[in-house]
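> Any chance you could fold what I've pasted below:
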Amino acid sequence: MAEYSFFIILFMALISLPLLMILTSKIVRFIIGSKKNVSDTIYECGEPSIEGSWKRIPIAYFKIALIFILFDIELVFIFPWIITLDNPTQLSYLSFITFLIILFIGWIYAYKKGYLDWEM
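The predicted model follows:
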C-alpha cells in the first residue's frame with residue numbers, strides 16, 4: 001500500500017482542486033452578489049453588444065462541420081494502415097482501396113448536394 005500513497009494523494013488533489021475552485025467561486029459570488037446589468041451581457045472585448053445572443057446560425061455551417069469531421073476521421077483510419085505497411089498483403093491494399101472508394105462516393109454525394117458550397 002505504501003507504493004500507492006503517491007497516486008492516492010495525487011488522485012485526492014485532482015478531485016479536490018476543481019471542487020475547491022467551484023466552491024470558491026460560489027462563495028465569492030454570494031458575498032459580492034451579482035450585478036444584473038453587467039453579468040447578463042455577452043462579453044465581447046468590452047464592446048457593447050449590437051444584437052441579441054440568440055441569433056440563428058445557418059445550417060450550412062453545420063453541414064461543413066460534419067464534412068470536416070468525416071474527412072478528419074478518414075485520417076484516423078489512414079494512419080494505422082500506413083503504420084502496418086511493413087508487411088503489406090493484398091487484403092490490406094484491397095481493404096484500403098475499398099475504404100477510399102466509399103469515402104470518395106461520400107465526397108461526390110456531398111458535392112452533388114451542394115454541401116461544399118460556401119455561399120449561404
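> Can you name the helix or strand that the nearest residue to residue 67 once chain neighbours are set aside falls in?
Distance criterion CB to CB, 6 or more residues apart in numbering; nearest residue to residue 67, sequence neighbours excluded, is residue 110 at 5.5 Å. Every residue, glycine included, has its C-beta placed from N, CA and C. Assigned by DSSP states H and E, residue 110 falls within helix 90-113.
> got the domain boundaries for the protein?
The chain breaks down into these domains under automatic domain parsing: 2-39, 59-113.
> Can I get those domains in TSV including mean pLDDT and mean neighbour count?
Formatted as TSV, the domains of the chain follow (pLDDT from 0 to 100; neighbours: other CB atoms under 10 Å):
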stretch	mean pLDDT	mean neighbour count
domain 2-39	83	9
domain 59-113	83	11
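> longest single helix anywhere in the chain?
As assigned by DSSP state H, the longest helix anywhere in the chain is helix 5-32.
> Okay, the residue positioned nearest the centre of the chain and residue 76: tell me how far apart.
Residue closest to the average C-alpha location in the chain (CA atoms, centre = their mean): residue 69, at 9.6 Å. According to CB to CB, to the nearest Å, residue 69 stands 10 Å off from residue 76.
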